[in-house]
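> predicted model and sequence follow; I will ask about them next.
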Amino acid sequence: MRQSVTMRLDPGILSAARARAKATNRTLTNYVETLIMRDLAGHEENGKITIAAPEGTRGGSEASTPVGAAEISSDHSLAASTKKQGQPPKP
């Protein structure tokens, strides 16, 4: 289940992040979440983070990775990991 988080950001950083999110057709939340996932992937000891899709959207028992899940490795980009699963990469 997603959780709300309150952050205090420098106004210049927030403005730049909003502009970058808009330029890439993303919400600010999605943009920030993607940056955090990429950073975490670079710092995981085993090199992988698995993010599962919300309940009700997961594949059946035959699926090795739930539908909507992403496995991110430090040696692969987020776009490559979602493309591998047959999902279109985010810009």
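Happy to help now that I have it.

> residue 24 contacts residue 31, correct?
Yes - using C-beta atoms under 8 Å, residue 24 is in contact with residue 31, at 6.9 Å. In this view, the C-beta of every residue, glycine as well, is placed from N, C-alpha and C.

> look at those two and report which has more neighbours.
residue 31 (18 against 12; other C-beta atoms under 10 Å).

> which helices and strands does the helix or strand harbouring the more buried one pack with?
Counting by DSSP states H and E, the element that carries residue 31 is helix 28-41. Helices and strands touching helix 28-41, by 3 or more C-beta pairs under 8 Å, 6 or more residues apart in numbering; DSSP states H and E, are helix 11-23, strand 48-51, strand 70-73, helix 78-84.

> in that helix, what counts as buried?
For helix 28-41, a neighbour-count test (16 or more other C-beta atoms under 10 Å) marks 31-32, 34, 37, 41 as buried.

> just the closest of those residues to residue 9, please.
Nearest to residue 9, judged by C-beta to C-beta, of the buried residues of helix 28-41 is residue 32 at 9.5 Å.

> show me the contacts for the nearest residue to the closest one once chain neighbours are set aside.
Distances taken as C-beta to C-beta, 6 or more residues apart in numbering put residue 17 closest to residue 32, at 6.8 Å, once the chain neighbours are dropped. By C-beta atoms under 8 Å, 6 or more residues apart in numbering, the contact set of residue 17 is 9, 28, 31-32.
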